[in-house]
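# show me the folded form of this:
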Amino acid sequence: MDMNSMLQGVSDGEKQRLMVALEEMQMKEQVTMYNGLVERCFANCVNSFQSKTLDSKEEKCVNRCTNKFIKASARAGQTFQQIGAPTPGAPPAQ
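Numbering: from 1, shown residues only. You can find the predicted model right below:
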């Protein structure tokens with residue numbers, strides 16, 4: 001069932017409110033995912049607090065961690081698309 005058929009009979013004003021609410025939910029989910037990424041990579045990679053900057057080992061670890069997360073997210077998105085399920089954080093198909 002597509003979004004247009006689901007919203008048949010709903011006023012334009014209500015559709016607009018629903019779209020705003022959906023966008024807010026998606027933004028919250030993206031922020032939550034980003035925060036989880038930061039927390040996970042920081043906990044796994046940063047071991048020393050003797051400097052304001054990351055040392056080269058920590059920086060490489062953070063880069064690897066974020067790249068893995070991005071690749072895993074992209075792969076999950078592709079899988080959701082293949083099976084026809086909505087991708088978490090993605091706008092609904094119209």
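# any weak-confidence spans in this structure?
1-4, 85-94 (pLDDT under 70).
# for it, just list every one of the helices.
3-6, 12-45, 56-83 (DSSP state H).
# can you list these in JSON lines and add mean neighbour count?
Heads up, the C-betas are built off the backbone N, CA and C, glycines and all. Formatted as JSON lines, those follow (neighbours: other CB atoms under 10 Å):
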{"stretch": "helix 3-6", "mean neighbour count": "10"}
{"stretch": "helix 12-45", "mean neighbour count": "12"}
{"stretch": "helix 56-83", "mean neighbour count": "13"}
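# closest to the centroid, which residue in this structure?
residue 30 (3.8 Å; CA atoms, centre = their mean).
# separation between it and residue 56?
Distance, residue 30 to residue 56, using CB to CB, to the nearest Å: 30 Å.
# cool, residue 17 as well?
Taken as CB to CB, the span from residue 17 to residue 56 is 50 Å.
# what of residue 23?
Separation of residue 23 from residue 56 (CB to CB): 40 Å.
# now swap in residue 70 and tell me
According to CB to CB, residue 70 and residue 56 sit 21 Å apart.
# for residue 13, same thing?
Counting by CB to CB - residue 13 and residue 56 are separated by 55 Å.
# again with residue 25
39 Å.
# what does residue 15 give?
Residue 15 is 52 Å from residue 56, by CB to CB.
# now swap in residue 65 and tell me
Distance, residue 65 to residue 56, using CB to CB: 15 Å.
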